[in-house]
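**Q** requesting a structural model of the entry that follows:
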Amino acid sequence: MKYQNILTNGKVQCEICPRNCILSEGQSGFCKVRKNVNNNIVLVSYGYNTGLAIDPIEKKPLYQFYPGSAVLSFGTTGCNMGCRFCQNWRTTKNNMDISLLNKTSPSEIVATAKKYNCKSVAFTYNDPIIFFEYAIDTAKLCRQNNIKTVVVTSGFINKEPAREFFAYMDAANIDLKGFSDEFYRKNCLAKLQPVLDTIKYACNETDCHVELTTLLIEGENDSDDMLKAQCRWITENLGDCVPLHFSAFFPNYKLLNKKATDYSTLLRAYKIAKQCGLKYVYTGNITTPETSSTYCKKCGQPVIIRNGYKVLKYNLVNGACVFCKTKCDGAY
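**A** Numbering: from 1, shown residues only. A predicted model of the protein is given here:
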């Protein structure tokens, strides 16, 4: 395994993510699936998955990457984040017997995607950073078969593995879970800065199409000041054309005492982002055509009218607005 440091006394340090877990023989990292086996970090979940599903690409969510196309989604088990609000905790947090899961090789995943005419394959459900080798091997085969690759991730990855990882990804939705280190420490058992570094790298130094998602939890990461700071950071570091999704939280895992996010909260965040100059802003999990549609960054006309994941009307020709001919950022 490339990203490891052999230490003394039979210990190995995993260097995939900023946790940099130091593992004794037989010990697994925070993610539960990267393990010290004979003085070497092994991905014990390689080839195992929690099921394959065909989704609309909008469900990732990716709204400006081949809209309306089908994506074959899969994930494994475990995670390198400790989110108290995890929406997929049954697979990311449980110490399940991996051998009971389905086993699907990269070639079988590609064959399934081709069989069902999927434009892309998505590494999702749990964070693909921890099944790094499985994701990359699959992505390489996808490239050979003209299938696009999509990653849904927290972005909590070290710089060197990030370079290899994003080299094989055509699109990414990266969770920007909140805009303070305090929020990340309290609610994710992680740090904000490595995520910001990953987002900047993916947006500015790769060909990967990037969209961002913030799951809004009322009273935790939805203050006007925090939202304004987040949107200013995006415009200053990434530009004003990176799509930003605000999604509704529903009580789950360790945040059962929090109420579900009101649409009024999503709409407030949407308006703040627009006022900060972001050209492409969306709401998710609770939505309306108004806040889930794509608007031309020049003339303001709706170029993709959608209700949630469903595309209702498409006003683009070769990726350009039919009203003013301005190119819409993304892939079409």
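
**Q** how much space between residue 271 and residue 288?
**A** Residue 271 sits 13 Å away from residue 288, going by CB to CB, to the nearest Å. All C-beta spots, glycine's among them, are computed from the backbone N, C-alpha and C.

**Q** just residue 305 next, same as before
**A** In terms of CB to CB, residue 305 sits 11 Å off from residue 288.

**Q** again, but for residue 114
**A** Residue 114 is 36 Å from residue 288, by CB to CB.

**Q** likewise for residue 148?
**A** For residue 148, the distance to residue 288 - CB to CB - is 29 Å.

**Q** got it, and residue 62?
**A** The gap separating residue 62 from residue 288 is 19 Å, by CB to CB.

**Q** which one's more surrounded, these two?
**A** Between residue 62 and residue 288, counting by other CB atoms under 10 Å, residue 62 is the more crowded of the two (28 against 13).

**Q** dump the residue contacts of that one.
**A** 150, 171, 173, 209, 211 (CB atoms under 8 Å, 6 or more residues apart in numbering).

**Q** quick check, pLDDT for it.
**A** Note for residue 62: predicted pLDDT of 98.

**Q** residue boundaries of the strands in the stretch 151-300 of the chain?
**A** Assigned by DSSP state E, counting those that start in this stretch, the stretch 151-300 of the chain shows strands spanning 171-175, 209-216, 244-248, 281-284, 294-295.

**Q** dump those strands to TSV, plus mean neighbour count, mean pLDDT and distance to residue 22.
**A** Shown next, in TSV, are the strands of the stretch 151-300 of the chain (neighbours: other CB atoms under 10 Å; pLDDT from 0 to 100; distance: least, CB to CB, whole Å):
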stretch	mean neighbour count	mean pLDDT	distance to residue 22
strand 171-175	24	98	26
strand 209-216	22	98	31
strand 244-248	23	98	35
strand 281-284	22	97	38
strand 294-295	23	98	46
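
**Q** between the ones you listed, which one is nearest to residue 186?
**A** Closest approach to residue 186 among the strands of the stretch 151-300 of the chain is made by strand 209-216 (14.7 Å; CB to CB).

**Q** residue 185 and residue 193 touch, don't they?
**A** No: assessed by CB atoms under 8 Å, residue 185 is found out of contact with residue 193, at 11.5 Å.

**Q** enumerate every residue touching residue 76.
**A** 33, 45, 48-50, 91, 101, 125-126, 130-131, 134.

**Q** just the element for residue 73, please.
**A** Assigned by DSSP states H and E, residue 73 belongs to strand 70-74.

**Q** in the worst-scoring helix or strand of the chain on mean pLDDT, which residues are buried?
**A** Least confident helix or strand, the chain: helix 89-92 with a mean of 87, by mean pLDDT, DSSP states H and E. Buried residues in helix 89-92, defined by neighbour count with 16 or more other CB atoms under 10 Å: 89, 91-92.

**Q** from those, which is closest to residue 220?
**A** The closest of these to residue 220 turns out to be residue 89 (CB to CB; 17.1 Å).

**Q** hang on, isn't the closest one packed against residue 255?
**A** No: using CB under 8 Å, residue 89 makes no contact with residue 255, being 10.3 Å away.

**Q** can I see the domain layout of the protein?
**A** 1-44, 45-288 (automatic domain parsing).

**Q** can you tell me which of the ones you listed is nearest to residue 299?
**A** Across the domains of the chain, the minimum distance to residue 299, taken as CB to CB, is reached by domain 45-288, at 11.8 Å.

**Q** any idea what the spatially most central residue of the chain is bridged to?
**A** Compute the mean C-alpha point of the chain, and by CA atoms, centre = their mean the closest residue is residue 152, 2.5 Å away. Residue 152 has the following beta-bridge partners by DSSP bridges: residue 173.
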